[in-house]
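Peer 1: Model the following, please.
(one chain, ligands or ions: 1)
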Amino acid sequence: MVIVFDLDDTLYDEITFVQSGFKAVAKHLFETYAVPISVSYLFMLEHLQLGRGKIFDDTLQHFGVFSKKEVVRCVTVYRSHVPKIHLYDDTARCLQRFSNVPMYIVTDGNKLVQKNKLVALGLYQRVKFCFITHRYGIKNAKPSPHCFLKICEREKTEPREVVYIGDNPHKDFVKIKALGFKTVRMMRGYFKDVVKSSEFEAHFQIRSLDELNNEFLSKVFEAQDV
Ligand SMILES: [Mg+2]
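Peer 2: Next up, the predicted model:
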């Protein structure tokens, strides 16, 4: 048995990373332009719904300090800051419970950002290997099974002996499920209310990693493909 986890919204609350990044940018805006930290921070939080890509443009424009160069600087501050984030309590318990089982992480996203998160959460010490898919080329990001097949190689095992726990039904399960990997959907975070066809849906759903115990996993590994 091999357990593979997604990172964002599966092992910790991704919004806490975004908040942590906004705080770092707010601090930068204070140090550079004397914009009060709490004012720009609240502005960014309120504009989160409008799409992350444009938030720094809007913020800099709002405070009268916009330039393309400054947007790039804000993105750099956001991506390179040391995040103040924590594992969910049930994640810590789960990693402890299965410490004798080979565990991996497969996560998409900016290489530097994902690495900073993994370091801040202490995950490099707690799992065998963390695959940041973008290190293997954008085409090998999820839903590509590339990194999952690499795990099979490393563990000298078959997809049916590997379970993936993720939260995004748009990309986490569809391709690996077709290859025989077992899949479990974590029903929390941004995608928790998304309903997809059975092709995209995981074999099982959970609301907390506390549900992931030996009894549950034997059910997962016995399950025939749907
Ligand atoms: Mg996720």
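Peer 1: How far away from the center of its chain is the helix ranked longest in the chain?
Peer 2: For the chain, the longest helix by residue count, based on DSSP state H, is helix 14-33. With C-alpha atoms, centre = their mean, to the nearest Å as the basis, helix 14-33 stands 19 Å off its chain's centre.
Peer 1: Likewise for stretch 21-38?
Peer 2: 26 Å.
Peer 1: Buried residues of that stretch, list them for me.
Peer 2: If you call a residue buried by 16 or more other C-beta atoms under 10 Å, then stretch 21-38 has these buried ones: 21, 22, 23, 24, 25, 26, 28, 29, 30, 35. (C-beta placed from N, C-alpha, C; glycine too.)
Peer 1: pLDDT of that stretch, averaged?
Peer 2: For stretch 21-38, the mean pLDDT works out to 98.
Peer 1: now the buried residues of stretch 21-38 in a markdown table, with distance to the ion?
Peer 2: Formatted as a markdown table, the buried residues of stretch 21-38 follow (distance: C-beta to the ion, whole Å):
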| residue | distance to the ion |
| --- | --- |
| 21 | 17 |
| 22 | 20 |
| 23 | 22 |
| 24 | 22 |
| 25 | 23 |
| 26 | 25 |
| 28 | 27 |
| 29 | 29 |
| 30 | 31 |
| 35 | 32 |
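Peer 1: Tell me which two in those residues are the farthest apart.
Peer 2: Spatial extent of these (C-beta to C-beta) is set by the pair 21 and 35 at 16.3 Å.
Peer 1: Report all helices and strands that the helix or strand bottoming out on mean pLDDT in the chain contacts.
Peer 2: Lowest on mean pLDDT, DSSP states H and E among the helices and strands of the chain sits helix 52-62, with a mean of 87. Secondary-structure packing of helix 52-62 (3 or more C-beta pairs under 8 Å, 6 or more residues apart in numbering; DSSP states H and E): helix 14-33, helix 37-46, helix 68-80.
Peer 1: Which residues does the next helix or strand after the last one contact?
Peer 2: Spelled out, that is helix 68-80. Next helix or strand after helix 68-80 toward the C-terminus (DSSP states H and E): helix 89-97. Helix 89-97 is contacted from outside by 11, 12, 87, 103, 126, 127, 208, 209, 210, 212, 213, using C-beta atoms under 8 Å, 6 or more residues apart in numbering.
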